[in-house]
Structures are given as structure tokens and as C-alpha cells.
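Trainee: Here's my sequence, what's the structure:
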Amino acid sequence: MGFPGTWMTESESTVYRVVPKCACSTIGQILYYSDHGRFFDGDIHDASEGLHKWARDESKPLITANVKTHSAFAFTAVRNPYSRILSSFFDKICGIQRNGKRYRGNLVPLLIQKYGIEVGGPEGKEEFDQIRSFRRFLLFARDTIRWKRPMEADIHWSSVAGHVSTFIVNGGRYDHIFWTEKFDEGMQRVLDSIETRHRIDLAQIPRFNESAGHGPKRAHPVEDYFDDLSMHLVYEIYKRDFELFRYDFENPANRMPTGEIDLDEVHAKLGD
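Mentor: Residues are numbered from 1 along each chain as shown. This next block holds a predicted model:
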């Protein structure tokens, strides 16, 4: 299986396991800058040079050799399940993508037909009942994750633990896992642990939110989207994420972690 979703700097200073909706655009641009002294012009996910990616055939043997020998500092970032699934809804379901089209073609029409959701009209700009539609999307996300119907789960709402685990199962080991909610602190530890060709001042780094402007703005606080049933569904889907990465299931309003991540526990529980 190898190391899907894994990026590595060309200098091989660090290896990063991408987790969708967990600041991956900003992290990728920082890694690109650390080697080249400039940011990639465009969405870093489109970069076909300047950064090794598992999706590039020429990068696979280099990434494999580095990870298997643990030659570079390996890390990833995680995010609160409540805010992550909500972000996925507004970006991927309600939003018009950067190619000017809806995400995954017939996905949104399917959701409108089978789950009765609204997405703000053809341009995603009309008012609609965001809370009701999100809760219906949550049922769809649960169906895709638990029963793979009406389709396989999408990478943007499949669990963070699932993404993180492939790196471990296939022979990798993380040196650091940090919370996107404490981004500067977590990313600074990465930078302090590696040699970079170009110095990076995190205070001066812009946030590359490639999903910004894709869809309607969230009209309510995070906690308003989750009633008791929604919280039950979220826990059913993301139980390991809450437990391993120390997020507060009881309070959707609390986006911050409640304790430290135990790397040994993560490797033990996700390495099976």
C-alpha cells in the first residue's frame, strides 16, 4: 500500500502525512518555502514539482526509503471532529470548487435528492436552513463511513485517525502530531526539529485556506449545528479521533484539546 497522502521536502528534511481539512494547504506551503524560499504560485495540492508527493511516481521510492529508515522528522496535524466535519460541509457540499464546478460532479444532486439537503442555490449564495441541511449531511457522512453507501467515504470527512493510521500500519513512525487549533506552537516544533534551507518566521506566514470563499459563510456558532442526535452521530463516526487526539466530545463549543497526545498510544492503537 505504501504511504498514501504523504509529502516530503525535496531536501528530505521532513515527512508530512497530509490529513484533509487540517491546515494541509498552509503546511504544504511552509514545506515548499523551507526548500525554495518562496511559496508555490497556486494551490499547493496542484504542485507537481518542488515537493515530493506519494501521488508522483518518481517520489514513491524516495519517500519509502526515508520513512522506512526514519531518516527525517515525521509529523502530521489533527483537528477537532466537530469543526472539521462542519468545514467539509460548507466547503465540499455547499461550495463551488476552484474549477467552477460542484465537488465530485453528481454528489450534491444525489444529496439533494436522497437526503433533502439544501446548498444555497446554484451558486451557493442563497440563504437556506444551514443547521437542518448540515444535520442531514451528517447522516450521509455516517452512511458512507459505516456502510459505504451510497458511496465510499470521502477523504474530507473520513476520520482523522484513519488517515493517520496508514502511515503507521505501513511502517512509519511519527515524531510529532499537533493540533491545528494550536498551529503556531505545533508547527514551530517541527521547524525547530529540522534543518531548513530558508528561515521561516511563522508570524509572517499567511494562512493558505484554499477552501475560503468556496461556499456560503457559516451563519451560527459551531455548537448550534449539533443537537443531541448530531453529537451521537459524530461520536459514532469519530470516537477514535476524540479519544486519541484529546478533543472534548461533551462540548462542541470547546474546540481546544483537553490533554496531551500520547504518541506511544497513537502508534499502539493505530498500528494494528
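Trainee: Just give the nearest non-adjacent residue to residue 138, would you?
Mentor: residue 233 (5.2 Å; CB to CB, 6 or more residues apart in numbering). (Each C-beta comes from the backbone N, C-alpha and C, glycine too.)
Trainee: can you confirm that neighbour is in a helix?
Mentor: Yes. Membership of residue 233 in a helix is supported by DSSP: H, G, I helix; E, B strand; the rest coil.
Trainee: Isn't it up against residue 142?
Mentor: Yes. Counting by CB atoms under 8 Å, residue 142 is a contact partner of residue 233 at 5.2 Å.
Trainee: so what's residue 64 up against?
Mentor: 2, 3 (CB atoms under 8 Å, 6 or more residues apart in numbering).
Trainee: can you pull out the strands in the stretch 51-200 of the chain?
Mentor: 51-53, 73-78, 176-179 (DSSP state E, counting those that start in this stretch).
Trainee: now for the longest one, which elements pack on it?
Mentor: Counting contacts by 3 or more CB pairs under 8 Å, 6 or more residues apart in numbering; DSSP states H and E, strand 73-78 is packed against strand 14-17, helix 160-169, strand 176-179, helix 183-192.
Trainee: where's the residue nearest to residue 94 when sequence neighbours are not counted relative to residue 88, distance?
Mentor: Nearest residue to residue 94, sequence neighbours excluded (CB to CB, 6+ apart): residue 215, at 3.8 Å. Per CB to CB, to the nearest Å, residue 215 is found 11 Å from residue 88.
Trainee: ok, now residue 175?
Mentor: Applying CB to CB, the value for residue 175 to residue 88 is 28 Å.
Trainee: neighbour count winner among the two?
Mentor: A count of neighbours by other CB atoms under 10 Å puts residue 88 above the other of residue 175 and residue 88, at 21 against 16.
Trainee: Next, count neighbours for the residue nearest to residue 163 when sequence neighbours are not counted.
Mentor: Nearest residue to residue 163 in three dimensions, chain neighbours excluded: residue 19, at 4.6 Å (CB to CB, 6+ apart). Close neighbours of residue 19, defined as other CB under 10 Å, add up to 26.
Trainee: all helices of the stretch 151-272 of the chain, in order?
Mentor: Along the stretch 151-272 of the chain, counting by DSSP state H, counting those that start in this stretch, helices occupy 160-169, 183-192, 228-244, 263-270.
Trainee: Most tightly packed of those?
Mentor: Compared across the helices of the stretch 151-272 of the chain, helix 160-169 shows the largest average neighbour count, a mean of 20 (mean count of other CB atoms under 10 Å).
Trainee: Centre of the chain to that one, how far?
Mentor: Averaging C-alpha positions (CA atoms, centre = their mean, to the nearest Å) puts helix 160-169 12 Å from its chain's average.
Trainee: contacting residues around that helix?
Mentor: Outside helix 160-169, the residues that touch it by CB under 8 Å, 6+ apart are 1, 3-6, 17-20, 22, 67, 74, 76, 78-79, 81, 84, 155, 174, 177, 238, 240-241, 244-245, 266-267, 270-272.
Trainee: which stretches of the chain have low pLDDT?
Mentor: Applying pLDDT under 70 to the chain flags residues 210-214.
Trainee: how far away is residue 76 from residue 239?
Mentor: The spacing between residue 76 and residue 239, counted by CB to CB, is 19 Å.
Trainee: picking that back up, mean neighbour count and distance to residue 29 added to the strands of the stretch 51-200 of the chain, as TSV?
Mentor: What follows is the strands of the stretch 51-200 of the chain, written out as TSV (neighbours: other CB atoms under 10 Å; distance: least, CB to CB, whole Å):
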stretch	mean neighbour count	distance to residue 29
strand 51-53	21	9
strand 73-78	23	13
strand 176-179	21	17
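Trainee: want to throw these into CSV with distance to residue 130?
Mentor: Listed next are the strands of the stretch 51-200 of the chain as CSV, based on distance: least, CB to CB, whole Å:
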stretch, distance to residue 130
strand 51-53, 34
strand 73-78, 25
strand 176-179, 26
